[in-house]
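[1] structure for this input, please:
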Amino acid sequence: MVRRAALLGAVAISLAGAAHATSMADATNDFIGSYTGPTDADLDVTALWVNFDSTTNMFRVRSTMAGMINAANPGFYVIGVNTGTGTSPFGPIGEGNVLFNKVILVQKDGSALLSGNPLTATVSGNQFTLDIPLSLLPSTGFNPLRYGFNIWPRNSAVGGFPTISDFAPNNATLSAAPEPSAWAMMVGGFGMMGGAMRRRRTMRLRFA
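    As a prediction, the model looks like this:
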């Protein structure tokens, strides 16, 4: 009985440990103090969502802006990824916990680039979605579920910190989370274990 309880406890801990944050909201009109560019709504991040599918070894990143993404307006999006050895250059503007060692550039027309490899984001209204193969983000120490993600729009590729309009999360990174199917398998396994325990108890009662 003690052994079964310990096993169930271990499963519960394992489920709790897998509960990584999947999304976060960011306030509107929270342009950072060092930013000197235009306050276009599509340079103001309002949400970031990250997911990892261990079956296909793909990350999916989705970000929402305060207004429609307009390719005619200047600017692009930078996604920083920490695969285990991330550092931050943003201490001078109060964002020193934005750690990354890989950078993905996403243009407003959907074209994207990661370490010289072209990718394509789906842009729809005020949101874009980008799928990223794990093969393009090899680990430098972290499990993929521990990779940290952050996004910051820029209104120009030159000009340094004053061109960065917003960070999401602010002074932090967001970890990926398992696919819903992975959660279903874990919860299903937990239920099967519980069912097996109930059947064993019933058999003991019948033959006692």
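
[2] from here on, contacts and neighbour counts on C-alpha atoms
    OK.

[3] tell me the contacts of the residue nearest to the spatial centre of the chain?
    Ranked by distance to the mean C-alpha position of the chain (C-alpha atoms, centre = their mean), the top residue is Val50 at 2.8 Å. Residues in contact with Val50 (C-alpha atoms under 8 Å, 6 or more residues apart in numbering) are 22-23, 59-62, 149, 174-177.

[4] same check on Phe76?
    Contacts of Phe76 were listed using C-alpha under 8 Å, 6+ apart, and they are 105-108, 153-156.

[5] so what's it closest to, chain neighbours aside?
    Leaving out its chain neighbours, the residue that sits closest to Phe76 by C-alpha to C-alpha, 6 or more residues apart in numbering is Gln107, at 4.8 Å.

[6] these two touch, right, the one you found and Pro74?
    No: taking C-alpha atoms under 8 Å as the definition, Gln107 is not a contact partner of Pro74, at 9.7 Å.

[7] compare the two (neighbour count), which wins?
    The neighbour count for Gln107 versus Pro74, taken as other C-alpha atoms under 10 Å, is higher for Gln107 (21 against 17).

[8] how close does the more buried one sit to Ser139?
    Gln107 sits 25 Å away from Ser139, taking C-alpha to C-alpha, to the nearest Å as the criterion.

[9] repeat for Leu113
    For Leu113 relative to Ser139 (C-alpha to C-alpha), the value is 19 Å.

[10] may I ask which helix or strand of the protein has the lowest mean pLDDT?
    Each helix and strand of the chain was given a mean pLDDT (mean pLDDT, DSSP states H and E); the minimum falls on helix 2-17 at a mean of 35.

[11] hang on, the earlier thing: now pLDDT too, for the contacts of Phe76, in a markdown table please.
    Formatted as a markdown table, those follow (pLDDT from 0 to 100):
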| residue | pLDDT |
| --- | --- |
| Leu105 | 98 |
| Val106 | 98 |
| Gln107 | 98 |
| Lys108 | 98 |
| Pro153 | 98 |
| Arg154 | 98 |
| Asn155 | 98 |
| Ser156 | 97 |
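
[12] so who does the closest residue to Pro162 other than its chain neighbours touch?
    Distances taken as C-alpha to C-alpha, 6+ apart place Tyr35 nearest to Pro162, at 4.2 Å, with adjacent residues excluded. By C-alpha under 8 Å, 6+ apart, the contact set of Tyr35 is 161-165.

[13] which strand or helix spans Tyr35?
    Tyr35 is located outside every helix and strand, with elements delineated by DSSP states H and E.

[14] pLDDT score for it?
    According to the model's per-residue confidence, Tyr35 sits at a pLDDT of 98.
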